[in-house]
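Visitor: Got a predicted model here, sequence first, then my questions.
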Amino acid sequence: MGPLHFFLDVDVRRRDSNFFLSQTKYAEELLDRAGMVSCKPAATPIDTKAKLSSSSSAAVRDPSEYHSIAGALQYLTITRSDIAYAAQQACLHMHDPWECHLAIVKRIPRYIRGTTSYGLHLRGMTSTPSIIAYSDTDWASCPYTRRSTFGYCIYLGNALVSWSSKRQATVSRSSAEAEYRAVANAVAGCIWLRQLLGELYVDIPSTTIAYYDNVSTIYMSKNPVHHRRTKHIDLDIHFVREQVALGELHVVHVPTDQQFTDVMTKGLPTATFAAFRSSLTVGTSDAATVGGDNGGLHRVFRTPPTAHDAVTP
């Protein structure tokens, strides 16, 4: 059958041990379907303003347009982790979209208009394989339910292989509760990936590293003393702490300006968004031509720091 080049609207380009996955054709079809081929490009997929309440505008007369755009955006997130949060916010209102929600949804194609050639870079590993995760939470961010939005990014070596942006299923009474639940979800994703690789006979000898920017969350993962204020998240604490005790997981502090998963939980200023998008290894195919893992590629995409680079409280 030969090398893979195109599969289910995903274009695959290979160079040495690196892959570039993009959905340029699908993105152009999405713009055409939305009638936004000639729209003015936007620098970011979602602005930094607070989430809008449905009471601030009228209901959409024809929800089919909203459903069509929001549904199509979900499939585009296969290779575009940079729009995961925006698409997640759009899908929250699929059941009853209002005009304010439609305005938010139409901003995403404007961003895609200027980045149709962008895709996901998967870089081959030149050293011992490792699993690194970042997780973050925007506490009580939903104006309707006050549920928190959490997100995580999981790297296999320098390749981003798994990411998520979701609204938590229950309301968190404190930011620490919301943040610890986010860490637990990221750790669960890492365990699943390690087990999957094990079934494929790929051994990961190194400890999984989970980066977080909240010091209290890191203390809870290592402190064996239970406190009555943490009983409501006891299962998540036991789950993470058990992995730490077994030596399978190391929770490390990361500075806020290196917390890439902010892209998955909130709207960011243009400069910050561009820097974090690069850290998610999303860009044009030209970025793959500057070098491999030990070459110039690190000048284009910020490499996730190792445990020695991060600050442990």
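Guide: In hand now; what should we look at? Numbers count the residues shown, from 1 in each chain.

Visitor: Can you tell me the closest non-neighbouring residue to residue 117?
Guide: residue 284 (5.2 Å; CB to CB, 6 or more residues apart in numbering). C-betas here are computed from N, CA, C, even on glycine.

Visitor: who does the particular helix or strand that has residue 106 in it touch, helix- and strand-wise?
Guide: If you go by DSSP states H and E, residue 106 is part of helix 99-113. Helix 99-113 sits against helix 24-34, helix 63-76, helix 84-91, with contacts defined as 3 or more CB pairs under 8 Å, 6 or more residues apart in numbering; DSSP states H and E.

Visitor: starting at the chain centroid, how far to stretch 255-275?
Guide: 10 Å (CA atoms, centre = their mean, to the nearest Å).

Visitor: oh, I was asking about stretch 137-146
Guide: Distance, centroid of stretch 137-146 to centroid of chain: 18 Å (CA atoms, centre = their mean).

Visitor: same thing with stretch 76-86?
Guide: 8 Å.

Visitor: same question, stretch 168-176
Guide: That offset, for stretch 168-176, works out to 19 Å (CA atoms, centre = their mean).

Visitor: Put the alpha carbons of it into PDB.
Guide: This file holds the C-alpha atoms of stretch 168-176, laid out as PDB (Å, rounded to 0.1, in the frame of the first residue of the first chain):
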ATOM      1  CA  GLN A 168     -15.600  19.500  35.300                       C
ATOM      2  CA  ALA A 169     -18.600  17.300  36.100                       C
ATOM      3  CA  THR A 170     -19.200  18.900  39.500                       C
ATOM      4  CA  VAL A 171     -18.800  22.200  41.300                       C
ATOM      5  CA  SER A 172     -15.500  22.600  43.200                       C
ATOM      6  CA  ARG A 173     -15.900  24.500  46.500                       C
ATOM      7  CA  SER A 174     -12.300  25.700  46.300                       C
ATOM      8  CA  SER A 175      -9.600  26.300  43.700                       C
ATOM      9  CA  ALA A 176      -7.400  23.600  45.300                       C
END
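
Visitor: Surely residue 106 and residue 36 touch.
Guide: Yes: using CB atoms under 8 Å, residue 106 makes contact with residue 36 at a distance of 7.1 Å.

Visitor: immediately after the helix or strand hosting residue 185, which helix or strand?
Guide: Element membership for residue 185, per DSSP H and E: helix 175-199. Per DSSP H and E, the first helix or strand lying C-terminal to helix 175-199 is strand 208-212.

Visitor: any low-confidence regions in the stretch 101-250 of the chain?
Guide: For the stretch 101-250 of the chain, the stretches flagged by pLDDT under 70 are 126, 214-238.

Visitor: Just the buried residues of the helix holding residue 185, please?
Guide: In terms of neighbour count (16 or more other CB atoms under 10 Å), helix 175-199 has its buried residues at 175-187, 189-191, 193-194, 197.

Visitor: how many neighbours does residue 257 have?
Guide: When neighbours are counted by other CB atoms under 10 Å, residue 257 registers 10.

Visitor: That should have said residue 240, apologies.
Guide: Neighbours of residue 240 (other CB under 10 Å): 25.

Visitor: so it makes contact with residue 180?
Guide: Yes: counting by CB under 8 Å, residue 240 touches residue 180, with 7.4 Å between them.

Visitor: so residue 163 bridges to which residues?
Guide: Beta-bridge partners for residue 163, by DSSP bridges, are residue 153.

Visitor: gap between it and residue 113?
Guide: Separation of residue 163 from residue 113 (CB to CB, to the nearest Å): 23 Å.

Visitor: circling back: tell me which of the helices and strands packed on helix 99-113 sits most buried.
Guide: Counting by mean count of other CB atoms under 10 Å, helix 84-91 has the highest mean neighbour count of these, with a mean of 23.

Visitor: Give me the contact list for that helix.
Guide: Residues from elsewhere that reach helix 84-91 (CB atoms under 8 Å, 6 or more residues apart in numbering): 45-46, 51, 69-70, 73-74, 76-77, 101, 104-105, 107-108, 111, 149, 151, 163-167, 263-267.

Visitor: Could you identify the buried members of the residues you listed?
Guide: Counted by 16+ other CB under 10 Å, the contacts of helix 84-91 give 45-46, 51, 69-70, 73, 76-77, 101, 104-105, 107-108, 111, 149, 151, 163-167, 263-267 as buried.

Visitor: circling back: now render the helices and strands packed on helix 99-113 as a markdown table, adding distance to residue 10 and mean pLDDT.
Guide: Shown next, in a markdown table, are those (distance: least, CB to CB, whole Å; pLDDT from 0 to 100):
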| stretch | distance to residue 10 | mean pLDDT |
| --- | --- | --- |
| helix 24-34 | 8 | 93 |
| helix 63-76 | 10 | 90 |
| helix 84-91 | 16 | 91 |
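
Visitor: Fine, thanks again, bye for now.
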